[in-house]
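Novice: got a predicted model here, sequence first, then my questions.
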Number of protein chains: 2
Amino acid sequence: MVPDVLDAEALAAVDHWWRAANYLSVGQIYLQADPLQREPLGPDHVKARLLGHWGTTPGLNFVWSHVNRAIRERDTEALFVAGPGHGGPAVVANAWLEGAWTEAYPDVDQTEEGMRRLFKQFSFPGGIPSHAAADVPGSLHEGGELGYALVHATGAVFDDPDLVAVCVIGDGEAETGPLAASWHANKFLDAARDGAVLPVLHLNGYKIANPTVLARMADDELEQYLRGTGWDPLWVSGPGDGEDATPVHQRMAWALDTALDRIAENQRAAREHAAAHDGDPGDRPRWPVLVLRTPKGWTGPHDVDGQPVAGTWRAHQVPLSEVRSDEGHREQLRAWLESYRAEELFDPAGAPTGAVLANRPRDERRMSANPRTNGGLVKKPLRLPDFRSYGVDVPRPGEQMHSPTTVFGDWLRDVMAANPETFRLFGPDEVASNRLQAVFDVTDRQLADGPRDGDSHVQRNGRVMEVLSEHLCQGWLEGYLLTGRHGLFTSYEAFIHIVDSMVNQHAKWLKTTRQLAWRRPLASLNYLLSSHVWRQDHNGFSHQDPGFIDHVVTKKAEITRVYLPPDANTLLSTMDHVLRSEHYVNVVVAGKQQALDYLTVDEAVAHCTRGLGRWAWASSDDGVEPDVVIACAGDIPTQEALAATAILRRRLPELRVRFVNVVDLMRLQPSSEHPHGMPDREYDALFTTDRPVLFAFHGYPTLVHRLTYRRTGHHNLHVRGFVEEGTTTTPFDMVHRNDLDRFRLVMDVIDRVPGLGVRNAGLRQEMADA
Amino acid sequence: MVPDVLDAEALAAVDHWWRAANYLSVGQIYLQADPLQREPLGPDHVKARLLGHWGTTPGLNFVWSHVNRAIRERDTEALFVAGPGHGGPAVVANAWLEGAWTEAYPDVDQTEEGMRRLFKQFSFPGGIPSHAAADVPGSLHEGGELGYALVHATGAVFDDPDLVAVCVIGDGEAETGPLAASWHANKFLDAARDGAVLPVLHLNGYKIANPTVLARMADDELEQYLRGTGWDPLWVSGPGDGEDATPVHQRMAWALDTALDRIAENQRAAREHAAAHDGDPGDRPRWPVLVLRTPKGWTGPHDVDGQPVAGTWRAHQVPLSEVRSDEGHREQLRAWLESYRAEELFDPAGAPTGAVLANRPRDERRMSANPRTNGGLVKKPLRLPDFRSYGVDVPRPGEQMHSPTTVFGDWLRDVMAANPETFRLFGPDEVASNRLQAVFDVTDRQLADGPRDGDSHVQRNGRVMEVLSEHLCQGWLEGYLLTGRHGLFTSYEAFIHIVDSMVNQHAKWLKTTRQLAWRRPLASLNYLLSSHVWRQDHNGFSHQDPGFIDHVVTKKAEITRVYLPPDANTLLSTMDHVLRSEHYVNVVVAGKQQALDYLTVDEAVAHCTRGLGRWAWASSDDGVEPDVVIACAGDIPTQEALAATAILRRRLPELRVRFVNVVDLMRLQPSSEHPHGMPDREYDALFTTDRPVLFAFHGYPTLVHRLTYRRTGHHNLHVRGFVEEGTTTTPFDMVHRNDLDRFRLVMDVIDRVPGLGVRNAGLRQEMADA
Ligand SMILES: Cc1ncc(C[n+]2csc(CCOP(=O)(O)OP(=O)(O)O)c2C)c(N)n1
Ligand SMILES: Cc1ncc(C[n+]2csc(CCOP(=O)(O)OP(=O)(O)O)c2C)c(N)n1
Ligand SMILES: [Mg+2]
Ligand SMILES: [Mg+2]
C-alpha cells in the first residue's frame, strides 16, 4: 500500500486527460465523421478500413497523463519516448490535447472539425502514418522497429543535465537484443553532467500473438533482473478485482513522484561531488525504473464475439473489426466511446474542457513541444579548428607515409576540446585500435563505475563512449543527434552491418523530416570505418566485409554520402566536410595503417571539393586522349592502381594512361540520380566514352556498376574489388586473392587496350608469374 | 570454501592438459621453428609477424581442460562454443591434443614436425585463420563477430536431449545486444526434450582497451542479473594472493561438477514429468551458469617494458611484440614458454605424454570430434509431403484469389508433423501475422513458463520458436542447422535487416566449409519474408524496406539464392525446393494477403524449375518478335504488370507484348557469375537484344540493373521498383508513389516503344490522369 498523493483536483486532472486521450485514440482508429458523437453511431461514421494498434495505447496515454501532472508540479523538463511507437494514436492524441499538433498543422485545430480531421487523417491515404513517426510533434523516436527506445532516450540526455527522458518500453520490445543491452545505460551516464532517463517498463502481458518473456517471469525474478542491471524498480499494478482506475492513478502518482525525487537526489549528490572533485560525479547511483503492469487494451472491449479481448493478445490491433457491417460491434464501439464521457472532456465546439486542460503543462514544458525533440531548433554549430594546419607535408606524391586515422585523430582531439558539451565519439572499443587515441589527451572513456588500476583513460565523466555493442553506439549517437548535438561513430568496417537496420530507420527519419517544414535539419550521422576489409591482419574472413556502403546507397540519394579518401590529407578534408554537413548519413572508409601520402593539404581540398579527379603526376595523357583510364577508390586500391601505373610507365612507355581517383563515390552516379552526381558531359570527358576504364575499387565491384550503368562508356568499364575471398593473411595476399593486385591490373590493361595483347604476351606472362 | 573434488591424479591430468594447451597456444602465436625449444630461443625461431589474441586463450584452455575431465568421468556428450573465438590458438591447440586436428589435416600430426607445422600455419599466409573458424574441428561458431555464442549454443541443443553445450562468453561479448537477449534462452528450452547449455561467463576484466561492464559490476549486482534472467550462478575465482593454479582447479572442478549434477537433476525431473504428462516437462527449472573470474592473459608475462600486462587490457593481443629484435622480450618469451614445463607435456618425438592424454575423452566424446559440430555428418533428410496435393485449383489465370502464405501454411503444418524432431519454425511473433497459423494444428509456441488463460497455442514443449528478437531467431536457427537439423525463419521483410551481419557471418561460414573436404553440407538457411514492402497496411515507412535481398547477393554466388514467387502455387513449389536444398542461404519473399492465382501446380513446377518464363496467356507475340517485353518479379509487381498488359491488349491491340515473370532472381545474372545464371543466348532470346524491356520489380530497381548490366540488351532495360517512398497507406497508393502502378507501366511502354508516343498521346494522358 502506498499513500494517496493525488488530491481530488489532481486526480480529476489526470483522469480527465487520460480519458480524453483515450477517446481521441479510439476516434482515430474508428471514426471519420461526427467526432463528438452527436448522432447515433452509424456505419458511415466509421472508416471503411480499420487500421491501428489499440492494445498499447491506453498505457501510453496513462503514462503521458501522469507525467504531465508531475511536470506541472515540478516544472520538469521532460520528453517522451514511446517504445511501442505503434501506439501512434496515443502520441497524436496527446500532442493535439497539448496544442502542439495544431501549431504544426493549423488546419487540425481544437474544434469539432479539427477533431474530425484528426480522426480521419490517421492511417489514411494522404494522412499521417500510424506510428510515432517524424510527423508527430514531440516524437524523436518512431518506434516502428522495436528495440531502440531506451538507447535513444539515453543518447538524448547526454550533456543535458536538466532533461528527464521518460521512456516507455514494451514488454515485447524488452526481448530484443538492443533493448536488453540498453539496461546497462546507467553505467555510462554521468549524474552530474547528463540528464536522467526514467524507463517505464510496460508489462501489458503480450506482444502480437504471444505472451511476453518479461511479463511471465515471476515478480522476484524481474525485480532481480532490473536490480541486477543497476535500476531500482518501483512497481505499479493495474486495477485489481473490482478496482476502477482511481487506485491505479494513486499508485502511479506515488511511484512517479518517488522516482523523480530519487532522480533529483541522485543528481544533487553527483553535482555536489563534481563541484568539489573536478567534475567527478562520485559513485554510480541507482536510478529508478517504473514497472507498470496494466491490461493490454485497458478500457477497451472486454469480450468480442465471445472471445476475451482486453487483457489478452487479441487487443493488440483493432479489437472490433466489423463495425461497419456488424451492428453488435457498432453497439460495442458506441458503448466504448461513451465510457470516456466525452461531454466532460470536450466543449460543444470540440475544444478540450478546462477539466482536461488543467493537466496541460505550460509552453515548452509540454512534451509535445519540447524543442529538443526537434533537434535542429536547438542545435549549435560545431566549432571546428582549421584542419589545414593538421595536414601532413607531402614533398612528392607517394614518398612518405602516415597513418591517416592517426593524423585525423590529432584534429579530432581538438574538435573534442573545442566542443566540450556538444560532441561525442562513439565506438565498440575500437577508438584506440582505429588509432584515434589522441582524443585521450583531452577527454576519457566514460564509465560510471570509474577507473581501476591498470585502466587507461577511464573516468566517470569521459566523453568517449566505448561499449561492445554497435547497437548502443548507434542508438546513443542517434539520440544525441536527434536532440541537436554532434558526433562520430568509429567502427570496424565489417561489423557496422550490425546496425544496418538502425541506419535504415534513421535514414528514413531524415528523409521524412526533410519534407516537414517545421522540422529543422540535424547534424549528420557520421561513420568513420577503419580496420577495413583489406587490412585485417589480426583477424580473418569474418572481419572482411565492405558491404555497408552497398547498404547505405539503397536509401534516398538526398540523404546518403560515401567517401573513400585515399590518404591522410584527403581524410582530413573529408572529415571537416562531413562534420559540417547537415541531415545526411555520411560514411567514410579510411585506413589506420601507415600508408603513402599523395596529396598536399591544398591539393586534397581541391580533390575532395571536386570529389574525384585526374592525378596529373600519375598520368601520361597530357593533352591527348588516353589509351586507357585507370580509376580507383579507396586507399589500398589506390596504392595498387598507382603501382600498376608505375609498371605500365616503365614497361609500356608509349601507352597513354589517365589516372583518376574517386573520393566521393556518389559522383559516379548521373546527376539525375544523386545531388552529387556528375553531369554526363563531365563524366564522359574524364572517363571517355570509348576507352577501357579499369576501376580498382575498395568494395564489391557491383556497386560501381550499379552507380555507372547509365553512363555512355559503361560497357568499357571493368571493375576489380572485393569478391568475397579472404582469410587471416597479408595485405598483399588479400589483394591478390581478390584479383585487385597491381600485376592483375597490368594484365587487365594488356587484355583490354586494343592491340596491346598480341604485342605484350611476354609482359603479361611476367605479371601472371609475379 | 568448496570441497576439493580432484584427487591428485585428476588434478595432474587437468593441469597437464591446461599447460599443454597453453604451451601450444603461445607456440602458435610466436614460433615458426624448434617447437620443443631444444635450442636457445633465437630470432629465427620467431615469426616475422606476430599476430593473434593471447588474452582470452588461457581461460578457454582452462575451461576445455576441466570439461574434458568431467566428460571422462560422466561420459557426457558435450561440445564447446568459444564466444571469444579470437582465442583461436586455444581451440586449435585442444583439437590437436585430442587428435582431431590430425584426423582432419594428416600432415599436422603429433610429431615435432607436426607441431612445427601447427605453430607455423597459425595466422600465416596459406595457413589457418586466427579464429575458431570453420577450419577448426569441433567448432561450429567462429566467434569473429561477437555476441552469438549463447544463441548458437542454445540452437545446438534443441531436440538433442543428451547434449551439453559448454559456452564460454567473454565479458566484453556480454555487452552486446544479442548476448544480452540470449540469457532468456532458458525460457525457451524444454528440459525433457532438449539438451542443456552451460554458459561460462568469463570475467577476465577487459575487452580490447576498456574494462568490461560485467566485470565492473559489484558481485551482488551480477548475481542478481544472472538470477534475474533465470540462471543459478556458480562462482569460480582465479588465483588469490600467493595462490597458484591448484586451488583454482579445485574450485572450477567443484563448480563444474555441481553444474552438471544440477543439469542432470533438472533433466531427470523434467523427463519424469514429461513421461507422466504427455510430454509436458513441468515447471521451468533454474539452470546453472559458471562465473569464472581469472586474469586476462593468465600465465603470460606480468610486466612488459615496465607496464603491467597479465590481468590488464594489454594482454589482449600479443603481449611481447618485439621478440625478434628485442633480447629482453625474447628472454621473457623463453621464460614464459619454460614455465609450462614442456618436457612433462610432450615426449621427445613431439607427441603429448600420457600425463596429458590422461585427460583426453574417448573417440566421439572429444569435443573436437563431436560429430554434431560437423552437422552435415549427422543430418537426416527431411520428410516432405508432396506439395502438389496442397496446390490450389486455377481454372483460369488471374480469376481466383488465395493468400499464398496460408496455402503454404497447410503444407508447412504437415512438414512439421512429419519431422517432429528435426524441423523448427522461428519468428519474431509473426507466424500468425504471416498467416502460417495452420502449424498450430500440430504443434505450439514454445514457452518454458507454460500457458495462462487467454494464451493461444502456447505450451512448454512447442516447436514454434517465437521471441521478439530477430537475433535470437536467427542465432537459434543457425545453431540448429549447424548441428544437422532443418528450419525456417519467417519475418517481416523490413526488419530482417536486423540480422544482416549474422547472415554475412553464416554465409561466410558456408562458403568456407564448402571448401573443406571433411565438412559435410548443412541444410540451407531459409527465409520466408512476408508482410513485405508493398503491403504494410497497418504500418508505415519504417516497415517498408525490400533491401535484404540486395544485401544477400553481395555474398558468394554459390551460396545465395533469391526467389520471388508471384502466387500460391509458385510459393509451394519454391518452398519445396528450398527445404530440400543444401548449404545455401535462400530468401523467399511472398505475400500473405489474398492475391490472384496465375499458375496451376503443374505450371508452377515448370515455371519454378525454369526460374523464369514467358506467360503465353498474357503475351501477344506468338511466333513473332515482340515490340516490347514486360517483365516482372514479385507478387504485387506481377499484378501491376499484368494489369498494364491487359490495358495494352485492349487499347493497343496491334502491339506485340511478351510477358515474362521471374521467380528465381539469380537467373538474370550471366552464367559466368552465378550457377543459376542464364546463358546469354537464352537470355537474349527471351528478353531480346533490341526491344524495350520494362521490368516491374519487387525491390530496389538498381538490383535488377546490377544483375543484368552485362547483358547485350541492358541499355533497353527500364526498371520500376521501390524508390524509397512510403507511408501508412493503401496498396495502390504505394505502387503509385513508387511509379510502379499499371498506368505508369503503360506510359513507360508508350514512351519507349519507337513510334508509339506520337500516335498515343491521348492514351498516355488518360493513364497520367488515372
Ligand atoms: C524489431 C521488430 N520486430 C517485429 C516487429 C513487429 N511487431 C510490431 S508490434 C509487436 C509487438 C510489440 O509488443 P510490445 O513491445 O509488448 O508492445 P505492446 O504490447 O505495448 O504493443 C511486434 C512484434 C517490430 N515492430 N519490430
Ligand atoms: C561485434 C564485434 N564488435 C567488435 C569486435 C572487435 N573485438 C574483437 S575482440 C574484442 C574484445 C572482446 O572482449 P571479451 O568478450 O571480453 O573477450 P576476451 O576478453 O576474452 O578476449 C572486440 C571488441 C568484434 N569482434 N565483434
Ligand atoms: Mg506488450
Ligand atoms: Mg574479456
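Specialist: Noted; the coordinates are in hand. Residues are numbered from 1 along each chain as shown, chains lettered A, B, ... in the order given. Ligands and ions are numbered 1, 2, ... in the order given.
Novice: who are the contact partners of the nearest residue to A:Gly375 once chain neighbours are set aside?
Specialist: Of all residues not flanking A:Gly375 in the chain, A:Gly484 sits nearest, at 3.6 Å (C-beta to C-beta, 6 or more residues apart in numbering or on different chains). In short, each C-beta sits where N, CA and C put it, glycine included. Under the criterion of C-beta atoms under 8 Å, 6 or more residues apart in numbering or on different chains, the neighbours of A:Gly484 are A:372, A:375-380, A:522-523.
Novice: the residues you listed, buried ones only, as a PyMOL selection?
Specialist: Under the burial definition 16 or more other C-beta atoms under 10 Å in any protein chain shown, those of those that qualify are selected in PyMOL by:
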select buried, chain A and resi 372+375+376+379+522+523
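Novice: export the contacts of A:Gly484 as CSV, with columns for distance to A:Gly99.
Specialist: Shown next, in CSV, are the contacts of A:Gly484 (distance: C-beta to C-beta, whole Å):
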residue, distance to A:Gly99
A:Arg372, 18
A:Gly375, 21
A:Gly376, 21
A:Leu377, 17
A:Val378, 20
A:Lys379, 24
A:Lys380, 27
A:Leu522, 24
A:Ala523, 29
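Novice: returning to that earlier point: please report how far the residue nearest to A:Gly375 lies from B:Thr708.
Specialist: For A:Gly484, the distance to B:Thr708 equals 45 Å [C-beta to C-beta, to the nearest Å].
Novice: ok, A:Gly282 next?
Specialist: On the measure of C-beta to C-beta, A:Gly282 and B:Thr708 end up 63 Å apart.
Novice: related to what we said a few turns ago, does the residue nearest to A:Gly375 lie in a helix or a strand, and which?
Specialist: Using DSSP states H and E, A:Gly484 maps to neither a helix nor a strand.
Novice: cool, A:Gly613 as well?
Specialist: Per DSSP H and E: A:Gly613 is located in strand A:612-614.
Novice: what strands line up against that strand, and which way round?
Specialist: Strand A:612-614 has the following strand partners under DSSP bridges: strand A:657-662 (antiparallel).
Novice: which elements pack onto the following helix or strand past the partner strand?
Specialist: Counting by DSSP H and E, the next helix or strand C-terminal to strand A:657-662 is helix A:680-687. Packing partners of helix A:680-687 (3 or more C-beta pairs under 8 Å, 6 or more residues apart in numbering or on different chains; DSSP states H and E): strand A:612-614, strand A:628-633, strand A:657-662.
Novice: not counting its own residues, what contacts helix A:680-687?
Specialist: With contact meaning C-beta under 8 Å, 6+ apart, helix A:680-687 is reached by A:612-614, A:629, A:631, A:658, A:660, A:668, A:670-671, A:678, A:693, A:711-713, A:717.
Novice: show me the contacts for the most far-flung residue of chain A relative to its centre.
Specialist: Of all residues in chain A, A:Arg759 has its C-alpha farthest from the mean position, at 55.7 Å, by C-alpha atoms, centre = their mean. If a contact means C-beta under 8 Å, 6+ apart, then A:Arg759 has no contacts.
Novice: pLDDT value on it, please?
Specialist: On the pLDDT scale, A:Arg759 is placed at 91.
Novice: what of A:Lys296?
Specialist: On pLDDT, A:Lys296 comes in at 98.
Novice: export the lowest-mean-pLDDT helix or strand in chain A as CSV, just CAs?
Specialist: Using mean pLDDT, DSSP states H and E, the weakest-scoring helix or strand in chain A turns out to be helix A:756-759, at a mean of 90. Once non-C-alpha atoms are left out, helix A:756-759 reads as follows in CSV (Å, rounded to 0.1, in the frame of the first residue of the first chain):
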residue,chain,number,x,y,z
LEU,A,756,48.3,-4.5,-76.6
GLY,A,757,47.6,-8.1,-76.0
VAL,A,758,49.3,-9.7,-79.0
ARG,A,759,52.4,-7.5,-78.7
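Novice: re the thing from before, of the helices and strands packed on helix A:680-687, which stretch is the most buried?
Specialist: Mean neighbours per residue, mean count of other C-beta atoms under 10 Å in any protein chain shown, is largest over the helices and strands packed on helix A:680-687 for strand A:628-633, with a mean of 27.
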